[in-house]
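Colleague: Turn this into a model:
(one chain, ligands or ions: 1)
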Amino acid sequence: MIMLQVNHLRKQYADKEVIKDIDFQINQDECAALLGPNGAGKTTIIKMLLGITKPSGGEILFEGHRQDKIRHFIGYLPQHPTFYPWMTGKELLAFMGGLSGIDKPALSHRMSEMLELVGLSKDGDKRIVTYSGGMKQRLGIAQALIHEPKLLIMDEPVSALDPLGRRDMLELLKMIKKQTTILFSTHILHDAEELCNKIFILNQGQLLVNGSIDQILLQNQQPIFIIQAPHANEWAPQLVNPAVVESITQNENLVKVRVNHIDQGRSWLLDTIHRLKLPIQKFELVQESLEDIFMRMVK
Ligand SMILES: Nc1ncnc2c1ncn2[C@@H]1O[C@H](COP(=O)(O)OP(=O)(O)OP(=O)(O)O)[C@@H](O)[C@H]1O
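Modeller: Here you go, the predicted model:
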């Protein structure tokens, strides 16, 4: 079942179009990442999904329909959650659960369940001001899930955490994705790769890539030849050949040459190596990684 469908979504601020006619969909039980560098438009999309910002065009359908009341449908963890620091974790959950209309007996049960899920059972009576960044983020997940939403939306849930907090959060999200459909934004490819079966790569308001990791690799991967030889500064510029070579990156004496066609690229590079009499130490064919594709697309 299609959980969320976005058709021709646009957002314009004054004369600047920050979201440019994008389409995507998320099916039930999928975990999808909105991946893009700073300013790509991730938060703007999320705000439109939540109804906080009005789209300039297009439509957003939840389970196939425009929804007027989406609060019960979506759980949301903002990029910078602000909790009342004087509240305890339990008080916050009771407050948020109350806002979502959960009745009292059910709420108490649900609160215990959520604290258990996010590993804060022993900390529920402590004031939030005493929580670490990671604990606050986990409490943020608990409040987002308190009303059993069908879709959990998170804006950069792991980016601000230290490596330990990040690892904890990723493990927690791996557990949660077994029960809930998830959309989260991130500028960190590895987080998207580790958690998601679907990735949307966004840059300057445009959706460049949309699909599973396997599909993205299959459709976008280009061959790269790695050549290593002394004095690369002298010979690397001679590999420029727009008919065959898409790009060249150099790191000391190791040069990565992205070509548009394996066979043509290989024979032209071997001819050139021969012509220049390069004493090569390495000549290797690899395929672009997801990171290579991401960097290429957002550069
Ligand atoms: N209220 C606004 N008025 C004008 N421009 C805005 C407004 N909100 C966002 N923008 C612009 O829209 C673009 C996308 O911003 P957005 O915050 O959605 O990006 P992002 O991908 O979430 O980036 P980040 O990772 O830095 O949060 C940016 O160029 C930003 O300056």
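Colleague: Dump stretch 150-163 to CSV, keeping only the CA atoms.
Modeller: The C-alpha coordinates for stretch 150-163 follow below in CSV (Å, rounded to 0.1, in the frame of the first residue of the first chain):
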residue,chain,number,x,y,z
LYS,A,150,1.4,5.2,10.7
LEU,A,151,4.3,7.3,9.5
LEU,A,152,7.3,8.6,11.5
ILE,A,153,9.0,11.7,10.0
MET,A,154,12.3,12.9,11.4
ASP,A,155,14.4,15.9,10.4
GLU,A,156,18.1,15.1,10.7
PRO,A,157,17.6,12.7,13.7
VAL,A,158,21.3,11.6,14.0
SER,A,159,23.4,14.4,12.6
ALA,A,160,23.9,16.4,15.8
LEU,A,161,24.9,13.4,18.0
ASP,A,162,28.3,12.2,19.0
PRO,A,163,29.5,8.9,17.5
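Colleague: Can you list the buried residues in that stretch?
Modeller: Residues of stretch 150-163 classed as buried: 150-158, 161 (neighbour count, 16 or more other Cβ atoms under 10 Å). No exception for glycine: its C-beta is placed from N, CA and C like everyone else's.
Colleague: How about stretch 171-183?
Modeller: Within stretch 171-183, the residues scored as buried using 16+ other Cβ under 10 Å are 172-173, 176-177, 180-183.
Colleague: Among those residues, name the ones in helices.
Modeller: When these are checked against helices (DSSP state H), the matches are 172-173, 176.
Colleague: Considering only the residues you listed, which also neighbour the ligand?
Modeller: Among these, no residue sits close to the ligand (Cβ under 6 Å from any ligand atom).
Colleague: Closest one of the residues you listed to residue 196?
Modeller: residue 173 (9.7 Å; Cβ to Cβ).
Colleague: and that closest one, how far is that from the ligand?
Modeller: Counting by Cβ to the nearest ligand atom, to the nearest Å, the gap from residue 173 to the ligand is 18 Å.
Colleague: For this structure, which segments count as helices?
Modeller: Along the chain, the segments classed as helices by DSSP H run 42-50, 89-99, 104-117, 133-145, 163-176, 189-195, 213-220, 232-235, 262-276, 290-298.
Colleague: hey, least reliable of those helices by pLDDT?
Modeller: Here these differ in mean pLDDT, and the lowest is helix 290-298 at a mean of 87.
Colleague: what residues does that helix touch?
Modeller: Helix 290-298 is contacted from outside by 35-37, 40, 189, 193, 201, 203, 208-209, 213, 216-217, 220-221, 224, 247, 258, 288, using Cβ atoms under 8 Å, 6 or more residues apart in numbering.
Colleague: Which positions in it come out as buried?
Modeller: So for helix 290-298, counting by 16+ other Cβ under 10 Å, buried means 290, 292-294, 297-298.
Colleague: nearest to residue 113, of the residues you listed?
Modeller: Distance to residue 113 across the buried residues of helix 290-298 (Cβ to Cβ) is lowest for residue 290, with 35.4 Å.
Colleague: what about residue 217, how many residues close to it?
Modeller: By the criterion of other Cβ atoms under 10 Å, residue 217 has 15 neighbours.
Colleague: check contacts around residue 19.
Modeller: 9-11, 41, 44-45, 48, 55-56, 205.
Colleague: Now it: closest residue in space that isn't a chain neighbour?
Modeller: Distance criterion Cβ to Cβ, 6 or more residues apart in numbering; nearest residue to residue 19, sequence neighbours excluded, is residue 11 at 4.0 Å.
Colleague: Spit out the contact partners of the residue in the stretch 151-299 of the chain that the ligand sits nearest to.
Modeller: At 5.6 Å from the ligand, residue 187 is the closest residue in the stretch 151-299 of the chain, using Cβ to the nearest ligand atom. If a contact means Cβ under 8 Å, 6+ apart, then residue 187 has 35-38, 40, 42, 156, 159 as its contacts.
Colleague: per the record, what domains does the protein have?
Modeller: What automatic domain parsing lists as the domains of the chain is 2-212, 221-298.
Colleague: Quickly compare these and say which is most buried.
Modeller: Per-stretch averages of neighbours, counted by mean count of other Cβ atoms under 10 Å, single out domain 2-212 among the domains of the chain, with a mean of 18.
Colleague: Can you tell me which residues in the stretch 51-200 of the chain are near the ligand?
Modeller: residue 187.
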